[in-house]
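J.: here is my input; please provide its structure:
(one chain, ligands or ions: 1)
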Amino acid sequence: MRPITVALAKGRLAQKAMDLFGRLGISCEEMKDKASRKLIFANEELGMRFFLAKASDVPTYVEYGAADLGIVGKDTILEEGRKLYEVLDLRTGRCRMCVCGPESARERLKHHELIRVATKYPHIAKDYFYNRKYQTVEIIKLNGSVELAPIVGLSDVIVDIVETGSTLRENGLVVLEEVCPLSARMVVNQVSMKRESERIARLIKGLQELLREDEGN
Ligand code: PRP
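T.: As a prediction, the model looks like this:
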């Protein structure tokens with residue numbers, strides 16, 4: 001049996017996803033060994049393989065078929081814009097993509113002034129401002145701690161993930177506009193979806209039942 005390979009975005013999402021798979025009886029003992037430097041884990045009996053990758057690489061592995069399935073945040077899916085099917089909302093890792101900044105930026109934003117936007121997500125920011133708001137902005141790509149940008153004068157606003165809102169609060173920033181809600185999603189390679197349709201459909205159905213169960217509780 002050809003194994004089904006699953007790419008997991010490293011970190012909290014991977015843990016949550018493995019908990020769900022575990023409840024379906026799909027687990028990888030080796031993966032629980034935190035000291036291990038191994039990158040790929042197999043459950044031979046079930047014909048499943050799992051590997052951990054940097055979140056932004058997960059859609060790439062899935063588009064090229066190196067992984068049949070992927071578990072990754074909607075933010076990464078939107079930003080990477082890869083050819084794949086998004087089949088399931090895992091309803092975990094829920095947060096929002098927002099335009100944030102100091103309260104003083106609200107007016108400039110509203111009046112479509114040429115503002116600077118710092119973000120780790122230049123495609124999402126561009127799509128939001130250009131295609132949804134018809135607003136010309138200057139986008140500055142950063143790689144982390146984006147909240148710093150308006151504080152030190154690099155940008156007027158940021159486009160970033162807001163989960164609890166505490167990073168914003170602690171830095172005197174507020175949500176100015178909401179771009180979209182986010183959560184962990186399951187994505188599928190387009191060829192695998194046909195070739196492995198039965199096994200993948202069974203997996204999706206199993207996960208959907210678990211999610212329904214959790215929702216009821
Ligand atoms: C994310 C995001 C915000 C923060 C939001 O950053 O970019 O900075 O979490 O969470 P909160 O609303 O609960 O405060 P992350 O910690 O992933 O790292 P980064 O700052 O390096 O981007």
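
J.: do you know how far Glu107 is from Ser145?
T.: Here the criterion is Cβ to Cβ, to the nearest Å. By it, Glu107 lies 26 Å from Ser145. Using the backbone N, CA and C atoms, a C-beta is placed for each residue, glycine as well.

J.: now do Ser36
T.: 30 Å.

J.: and the most centrally placed residue in the chain, bridged to which residues?
T.: By Cα atoms, centre = their mean, the mean C-alpha position of the chain lies nearest to Gly73, the distance being 1.5 Å. Counting by DSSP bridges, Gly73 forms beta bridges with Ala184.

J.: who's in contact with it?
T.: Neighbouring residues of Gly73 by Cβ atoms under 8 Å, 6 or more residues apart in numbering: 9, 13, 55, 93, 182-185.

J.: now do Pro3
T.: 42, 47-49.

J.: most neighbours among those, which one?
T.: Within these, neighbour counts (other Cβ atoms under 10 Å) peak at Met48, which reaches 22 neighbours.

J.: pLDDT score for that one?
T.: pLDDT for Met48: 94.

J.: could you name the helices and strands sitting against the helix or strand hosting Lys205?
T.: Using DSSP states H and E, Lys205 falls within helix 197-216. Secondary-structure packing of helix 197-216 (3 or more Cβ pairs under 8 Å, 6 or more residues apart in numbering; DSSP states H and E): strand 4-9, helix 12-23, strand 85-89, strand 184-188.

J.: using a markdown table, lay out the ones you listed together with mean pLDDT, distance to Gly153 and mean neighbour count.
T.: Listed next are those as a markdown table, based on pLDDT from 0 to 100; distance: least, Cβ to Cβ, whole Å; neighbours: other Cβ atoms under 10 Å:
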| stretch | mean pLDDT | distance to Gly153 | mean neighbour count |
| --- | --- | --- | --- |
| strand 4-9 | 96 | 33 | 24 |
| helix 12-23 | 91 | 32 | 18 |
| strand 85-89 | 97 | 38 | 16 |
| strand 184-188 | 98 | 35 | 23 |
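
J.: for the ligand, find the nearest of those.
T.: helix 12-23 (9.6 Å; Cβ to the nearest ligand atom).

J.: what about dumping the CA coordinates of stretch 168-185 to PDB?
T.: C-alpha atoms of stretch 168-185 as PDB (Å, rounded to 0.1, in the frame of the first residue of the first chain):
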ATOM      1  CA  LEU A 168      -1.200  44.900  20.700                       C
ATOM      2  CA  ARG A 169      -2.300  46.000  24.100                       C
ATOM      3  CA  GLU A 170       1.100  45.800  25.600                       C
ATOM      4  CA  ASN A 171       2.500  48.000  22.800                       C
ATOM      5  CA  GLY A 172      -0.200  50.600  22.600                       C
ATOM      6  CA  LEU A 173      -1.700  49.400  19.300                       C
ATOM      7  CA  VAL A 174      -5.300  48.600  18.400                       C
ATOM      8  CA  VAL A 175      -7.200  46.700  15.700                       C
ATOM      9  CA  LEU A 176      -8.200  49.100  13.000                       C
ATOM     10  CA  GLU A 177      -9.800  46.800  10.400                       C
ATOM     11  CA  GLU A 178     -10.300  43.000  10.200                       C
ATOM     12  CA  VAL A 179      -9.000  41.300   7.100                       C
ATOM     13  CA  CYS A 180     -10.200  37.800   7.600                       C
ATOM     14  CA  PRO A 181     -10.700  35.000  10.300                       C
ATOM     15  CA  LEU A 182      -8.000  32.300  10.400                       C
ATOM     16  CA  SER A 183      -7.700  28.800  11.700                       C
ATOM     17  CA  ALA A 184      -5.900  25.500  11.000                       C
ATOM     18  CA  ARG A 185      -7.000  23.800   7.700                       C
END
